[in-house]
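Q: Fold the following and give me the result.
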Amino acid sequence: MKLSTDRDALLSLIAATAAATDQAPYVRLVATDHALACEGISPELAIRVRALAGVEEGGEMAVPARTLARLIACLPQGTVQLEAAYPHLSIAYEGGTASLVGADAIMVGEFPESDADHAALPDGAFATLIPQVAFAAARQEEGRPQLTGIRLEARGGRLYAVATDGVRLAMASLPFEGSVAVTLSRKAAALLRELSRQDPQATIAQERGQLHYRSAAAAAAVTTLAYAYPDMWQVRQSLPAGACIAVSRQALLEAVARAEAVLADRRHAIALGLGPRGLSVAAASDEGSVHTVLPGERYGRRDDIGCRVRAEFLARPLRALPQEVEAVRLHITGQATALLLQAEAGDLLVEHIIMPVISA
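A: Below you'll find the predicted structure:
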């Protein structure tokens, strides 16, 4: 193996692969035609990332993942030359050389390929969907492993990303003609989000407990979580009809921030209410109080209705929405039933179901 490539491109390959497969001691460098690929395999996932390179001689070698990533990060900008003469990988850069002790390429294991039919994703699908829901997943330390993942499911001609911690439920969807129903770990979802951001055009397939992802620049095989995921469709369909108002997203976010500012404890709730003047957002504590009324267009029930929710559970999805979203819809269904937040941006549909705080 002998090739030259840009230091930044090389660092991007190696850092992404090493971070994704942090349990694996080696990554595999593969030089073919006009590209260099970096492959990493761990029990949870496998990743292959490619970049253009000037390849004089093809070949492959396993190299210590963390050591290689640290070394490349310290190299100066410019062209880097790699040459493998087993068991050493020689690295030449402007002003110096380095050498790493490698291993046989088989040390990394065989990259899992899929023969299943792949379905095309909407451009940048995971980069769009996953940031809308990931924050709502339960944490490992909360002791609910079945809720720590992010659900991907095709339904009714759309691809849904879903996450819940039992108190809030986040759903985001885009048009999709394929078939998939899997639950991914946070780490795997974050990897797919980044791959989707770097190369928006990709395909997926589900096969033998894995989700396979392909794009021109990368491929990944993610082991899915075996825990049964809650029936979020039943939760969504069971919401009672409520009073709805469409308000400015930015104005609502600012009103929630003001309400949260006067709370002595962020775990305390803010009050939302629909009345003749619009949506009221209020909070009070021993240290002060605040009350804001936001005008908007009302739908559905016309009676006065309100509920109390944690400010964070409303502010976080508002901040996550794409910048082009100017207005959101709030459905207040009652003091003891869930609040529904809805937003749209082109083909993207987002819904957040937030359980109320019953006591102050």
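
Q: which one is residue 182 nearest to, not counting chain neighbours?
A: Sequence neighbours aside, residue 224 is the residue nearest to residue 182 in space, at 4.3 Å (criterion: CB to CB, 6 or more residues apart in numbering). C-betas here are computed from N, CA, C, even on glycine.

Q: dump the residue contacts of that neighbour.
A: By CB atoms under 8 Å, 6 or more residues apart in numbering, the contact list for residue 224 reads 182, 183, 184, 206, 209, 210, 211.

Q: cool, and residue 298?
A: So residue 298 contacts 243, 244, 245, 274, 278 (CB under 8 Å, 6+ apart).

Q: Could you report the distance from it to residue 275?
A: Using CB to CB, to the nearest Å, residue 298 is found at 10 Å from residue 275.

Q: And for residue 61?
A: Distance from residue 61 to residue 275, counting by CB to CB: 69 Å.

Q: For residue 212, give the beta-bridge partners.
A: Residue 212 has these beta-bridge partners by DSSP bridges: residue 205, residue 221.

Q: before we move on, back to that, generate a ChimeraX selection restricted to the buried entries among the contacts of residue 224.
A: Buried members of these, defined by 16 or more other CB atoms under 10 Å, are picked up in ChimeraX with:
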select :182,183,184,206,210,211
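
Q: Just the ones in strands from the contacts of residue 224, please.
A: 182, 183, 184, 206, 210, 211 (DSSP state E).

Q: got a pLDDT number for the spatially closest residue to residue 301 that is not a sequence neighbour?
A: For residue 301, ignoring the flanking residues on the chain, the nearest one in space by CB to CB, 6+ apart is residue 243 at 4.0 Å. Residue 243 is assigned 93 on the pLDDT scale.

Q: Return the set of residues that bridge with residue 243.
A: Residues in beta-bridge contact with residue 243 (DSSP bridges): residue 300, residue 332.

Q: just checking, it touches residue 337?
A: No - with contact defined as CB atoms under 8 Å, residue 243 does not count as touching residue 337 (11.8 Å).

Q: Between the two, point out the one with more neighbours.
A: residue 243 (22 against 15; other CB atoms under 10 Å).

Q: How much space separates that one from residue 296?
A: For residue 243, the distance to residue 296 - CB to CB - is 11 Å.

Q: start to end distance for stretch 324-333?
A: 27 Å (CA to CA, to the nearest Å).

Q: what distance separates it from the middle of the whole chain?
A: 22 Å (CA atoms, centre = their mean, to the nearest Å).

Q: how many neighbours does residue 64 have?
A: Neighbours around residue 64, by other CB under 10 Å: 18.

Q: show me the contacts for it.
A: Per CB under 8 Å, 6+ apart, neighbours of residue 64: 25, 26, 100, 101, 102.

Q: Does the second one touch residue 107 like I think?
A: I take that to be residue 26. Yes - with contacts counted by CB under 8 Å, residue 26 reaches residue 107, the gap being 5.1 Å.

Q: Doesn't residue 235 lie inside a helix?
A: Yes - assessed by DSSP: H, G, I helix; E, B strand; the rest coil, residue 235 belongs to a helix.

Q: Would you confirm that it contacts residue 169?
A: Yes - using CB under 8 Å, residue 235 makes contact with residue 169 at a distance of 6.0 Å.

Q: joint contacts of those two?
A: residue 353.

Q: neighbour-wise, which of those two wins?
A: residue 169 (22 against 15).

Q: Any idea what that one is bridged to?
A: Beta-bridge partners of residue 169, as defined by DSSP bridges: residue 164, residue 353.

Q: Name the nearest residue to the residue most central in space within the chain, ignoring sequence neighbours.
A: The centroid of the chain falls nearest to residue 130 when counting by CA atoms, centre = their mean (3.3 Å). Spatial nearest neighbour of residue 130, chain neighbours left out: residue 193 (4.3 Å); criterion: CB to CB, 6+ apart.

Q: Distance-wise, check the one you found relative to residue 276.
A: 43 Å.

Q: circling back to that earlier point, and which of the contacts of residue 298 is nearest to residue 314?
A: Comparing these against residue 314 with CB to CB places residue 245 closest, at 13.8 Å.

Q: Sounds good, over and out.
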